[in-house]
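1. Just a sequence and a predicted model for now, questions to come.
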Amino acid sequence: MNLATPVKEIPRVGTNYAKRLAKLEIKTVYDLIFHFPHRYEDFSKITPISRLKLNETSCIKGKILEIKTTRTWKRRIYLTEALVEDATAAIKVVWFNQPYLTKTLKKGEEVYLVGKVMIGKGGAFLSNPSYEKTDKKDLVHTARLVPIYPETAGLSSRWLRYILRPLLEKFENKIPEILPQELIKQQGLLPINEAVWQVHFPDSIKIAKEAQKRFAFQELFLIELFVLREKLRMAKEKAVPIPFNLELIQRFTKSLPFKLTDAQKKAAWRILKNLERPYPMNRLLQGDVGSGKTVVAVMAALNTIRAGWQVTFMAPTEILANQHFQSVARLLRGFRIDVGLLTGKSDRWISKKLNDPIEISRQKLLQRTKEGKIDILIGTHALIQDKVKFKKLGLVVLDEQHRFGVKQRAKLLSKTNNTTKKEIPHLLSMTATPIPRTLALTIYGDLDLSLIDELPRGRKQVVTKIVRPEEREATYEFIRQEIKKGRQAFIICPRIEDSGAQDLNLIAAFQGNSNRTRALTAWQGVKTVKEEYERLSQKVFPELKVVMLHGKMPGKEKERVMNNFKNKKIDILVSTSVVEVGVDIPNATIMMIEGAERFGLAQLHQFRGRVGRATYQSYCFLLTTQPYQKSSRRLRALIKTTNGFKLAEDDLKIRGPGDFSGVRQWGIPDLAMASLANLSFVETTRNAALELLHQDLKLKNYPYLKAAIKRFGKKVHLE
């Protein structure tokens with residue numbers, strides 16, 4: 001047996017348990033050894049039986065006075081009952097459906113028991129406790145710090161401890177060290193074999209924390225190496241240098257109906273200078289909602305087109321792709337640019353000779369793109385389909401898809417006919433989700449960051465308020481008065497329709513009825529788009545034009561609704577989070593969010609950013625199913641500040657990195673995830689990774705570390 005051995009070959013595992021382990025992505029001995037506890041329960045303190053408390057889990061030490069197994073007639077289950085005594089008192093102990101215990105535990109033997117004290121017909125008893133005999137050399141489940149692991153159905157922490165203890169003994173001092181010795185010494189880290197043992201079966205809380213620190217450092221170090229190697233590798237790739245056409249850019253800025261902010265000018269300057277280099281730009285443009293990122297991206301696109309290259313602009317939704325199509329065409333009017341729109345449903349084209357969109361067949365649009373006659377092709381993920389080809393692709397602009405990475409870029413490269421020099425297109429990503437510094441240094445460490453931290457002149461701060469249930473009717477009246485002034489409103493609901501019973505039955509099947517009850521309680525009172533649309537249009541605002549929008553509607557229908565809303569043919573839009581990103585309706589001044597506690601801070605801030613985009617005073621109303629006094633820290637943080645970057649840091653503190661910006665979906669290990677909230681720790685790890693790469697970029701002197709990065713890269717999918 002070695003670290004690559006499949007888990008089914010481990011003694012007492014077999015095929016059935018291997019299938020359960022696979023649900024936790026544990027397939028080899030290595031995976032199992034590195035499946036760490038997420039917490040510990042301290043049963044090192046022995047509680048005298050006389051001091052046991054109801055509903056508390058405790059550890060006792062006592063002698064078995066009697067033990068027997070009976071079978072109940074009604075429920076047809078086995079009951080094993082024992083009487084256990086210490087120097088202070090005796091207590092009844094009950095196990096369910098474990099009749100073999102009468103052969104394992106004998107009268108007169110001394111045992112440790114860990115369980116919860118319950119009350120029954122015959123008085124207090126210890127329910128279904130873990131047990132170990134006191135003469136056992138190495139305790140695993142009782143009278144010590146006991147590890148609690150991430151579990152799945154049919155796979156308990158007790159079973160994992162039972163398998164892991166002998167496995168760790170077998171591999172004691174046989175796990176190769178992957179970190180350089182000088183780094184271990186410099187950072188004061190435990191060696192890998194000691195850390196592995198102590199993270200699973202620690203001698204104390206203090207050493208458990210040291211072991212966790214070792215692996216948190218290791219996991220972050222692997223992420224940093226993974227990301228920074230990619231950055232250094234990209235610097236060696238070739239891209240076409242695109243000269244900065246200062247006269248063109250000055251003409252463009254003069255054509256705008258507004259003045260650029262200083263932050264926009266700085267970001268644009270940095271991007272345009274970046275494009276002049278002979279290696280690919282790989283930049284993330286971060287800007288708060290409504291800060292004007294699109295204008296900066298259009299400047300880079302125009303500069304690229306005038307140098308003889310094509311640009312592609314990718315958005316996450318059809319609504320946003322349509323909006324970019326309209327705004328890009330509007331901004332470039334007068335510059336004789338051909339703009340195409342390619343989505344999953346409808347294709348259009350604005351010719352440099354005409355200002356209005358022309359419906360065009362997909363075949364013709366793809367042919368024009370291939371011939372280089374489309375300067376900018378805007379779309380959704382339809383852009384990376386095999387049929388899409390460019391003649392000379394120079395710049396890729398991504399909106400809210402900043403982890404679009406090497407594989408996708410390689411796919412875009414394969415779409416260009418200009419493959420003789422193997423130039424990689426420049427990449428500009430944009431996001432209105434402010435990224436905390438720790439995440440920027442790790443997950444996005446391969447991207448150069450540009451920041452727009454200034455809103456356009458004349459914008460008023462959006463008034464944000466938590467609305468109590470008794471204030472709902474007054475809020476509706478306020479909305480009615482705003483609409484009378486000619487304004488419009490968004491009303492956001494967390495769900496499309498009430499599929500509650502079906503969802504809750506699914507929860508019950510997988511997680512048990514107690515979770516079903518909790519889920520039912522949590523969803524009580526939460527509004528759905530379809531219910532709310534019917535109620536608002538028929539009962540609350542019958543005199544107003546109320547329309548519904550959600551992600552399951554056909555693309556043409558969504559586009560029609562958004563165009564009608566933009567053209568002021570709709571007073572109130574009842575929607576799901578489909579309008580979260582990038583939707584620009586300057587006339588809308590009300591954002592009302594139902595079930596606001598269901599959304600993260602960054603998402604709530606994005607919703608708020610859909611209003612206040614003109615000179616009108618705008619409002620964001622947060623409605624919650626919780627009592628006012630219990631309104632979450634998230635909602636109160638949103639009221640206190642309008643600064644997205646400050647809110648991002650708050651979100652990280654309140655919810656943790658795992659729930660921020662989809663980080664958990666990337667498969668990052670829990671210890672690394674927890675460390676992402678610690679800036680100094682992240683900076684230390686990053687500096688150590690940079691130092692090592694400058695000494696040995698290909699890690700020739702560190703084969704185990706190189707192998708670990710490769711293994712890590714397969715599990716973590718940052719793209």
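-> Noted; the coordinates are in hand.
2. my guess is Arg165 is in a helix, correct?
-> Yes: assignment of Arg165 by DSSP: H, G, I helix; E, B strand; the rest coil places it within a helix.
3. Can you classify Leu451 by secondary structure?
-> Under three-state DSSP, Leu451 comes out as strand.
4. Show me what it is bridged to.
-> Going by DSSP bridges, Leu451 is paired in beta bridges with Gln286.
5. so who does it touch?
-> 263, 267, 286-287 (C-beta atoms under 8 Å, 6 or more residues apart in numbering). C-betas here are computed from N, CA, C, even on glycine.
6. do Asn587 as well
-> For Asn587, the contact set (C-beta under 8 Å, 6+ apart) comprises 486-488, 568, 614, 616.
7. With Gly122 instead?
-> Gly122 sits next to Lys92 when contact means C-beta under 8 Å, 6+ apart.
8. Packing partners of the lengthiest helix in the chain?
-> The longest helix of the chain (DSSP state H) is helix 205-234. If contacts are counted by 3 or more C-beta pairs under 8 Å, 6 or more residues apart in numbering; DSSP states H and E, helix 205-234 sits against strand 39-42, helix 192-200, helix 670-675, helix 679-695, helix 703-715.
9. buried set for it?
-> 207-208, 210-230, 234 (16 or more other C-beta atoms under 10 Å).
10. again, but for stretch 342-356
-> 342-343, 346-351.
11. The residues you listed into CSV, with extra columns for pLDDT and secondary structure?
-> Output for those, formatted as CSV (pLDDT from 0 to 100; DSSP: H, G, I helix; E, B strand; the rest coil):
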residue, pLDDT, secondary structure
Leu342, 89, strand
Thr343, 81, coil
Ser346, 65, coil
Asp347, 79, strand
Arg348, 77, strand
Trp349, 86, strand
Ile350, 81, strand
Ser351, 78, coil
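12. Need those residues in CSV (columns: distance to Lys63).
-> Compiled in CSV, those are given as follows (distance: C-beta to C-beta, whole Å):
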residue, distance to Lys63
Leu342, 78
Thr343, 75
Ser346, 80
Asp347, 81
Arg348, 84
Trp349, 87
Ile350, 88
Ser351, 92
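13. mind checking the SS state of Leu638?
-> Following three-state DSSP, the label given to Leu638 is helix.
14. That one reaches Ala648, doesn't it?
-> No: here Leu638 lies out of contact with Ala648, judged by C-beta atoms under 8 Å, at a distance of 12.0 Å.
15. what about Ser255, distance to Ala329?
-> 13 Å (C-beta to C-beta, to the nearest Å).
16. which of the two has more neighbours?
-> Under the criterion of other C-beta atoms under 10 Å, the comparison of Ser255 against Ala329 puts Ala329 first, with 21 against 12.
17. ok, that one to Asp356 distance?
-> Plainly put, Ala329 is 9 Å away from Asp356 if you go by C-beta to C-beta.
18. Identify the contacts common to those two.
-> Contact criterion C-beta under 8 Å, 6+ apart; residues shared by Ala329 and Asp356: Ile350.
19. any idea whether the residue nearest to Ala307 when sequence neighbours are not counted is helix, strand or coil?
-> The shortest distance from Ala307 to any non-neighbouring residue, by C-beta to C-beta, 6 or more residues apart in numbering, is to Ile242 (4.6 Å). With three-state DSSP as the basis, Ile242 sits in coil.
20. Surely Leu395 is in a helix?
-> No: assigned with three-state DSSP, Leu395 falls outside any helix and is strand.
21. which residues does it bridge with?
-> Beta-bridge pairing for Leu395 (DSSP bridges): Val311, His426.
22. count of neighbours near it?
-> Residues lying near Leu395 (other C-beta under 10 Å) number 28.
23. returning to what we had before: can I assume the residue nearest to Ala307 is in contact with Asn303?
-> Yes: if you go by C-beta under 8 Å, Ile242 and Asn303 touch, sitting 6.3 Å apart.
24. so what sits against both of these two?
-> Joint contacts of Ile242 and Asn303 (C-beta under 8 Å, 6+ apart) are Leu275.
25. All the helices of the stretch 451-600 of the chain, residue numbers only.
-> Assigned by DSSP state H, counting those that start in this stretch, the helices in the stretch 451-600 of the chain fall at 472-484, 500-511, 513-523, 529-535, 555-566.
26. Could you check how far the residue of the chain most remote from its centre is from Phe96?
-> Relative to the centre of the chain, the most outlying C-alpha is that of Gly108, 54.4 Å out, by C-alpha atoms, centre = their mean. Separation of Gly108 from Phe96 (C-beta to C-beta) stands at 24 Å.
27. sorry, back to before: would TSV of the helices and strands packed on helix 205-234 with mean neighbour count and mean pLDDT be doable?
-> Output for these, formatted as TSV (neighbours: other C-beta atoms under 10 Å; pLDDT from 0 to 100):
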stretch	mean neighbour count	mean pLDDT
strand 39-42	13	94
helix 192-200	20	97
helix 670-675	20	78
helix 679-695	16	92
helix 703-715	15	84
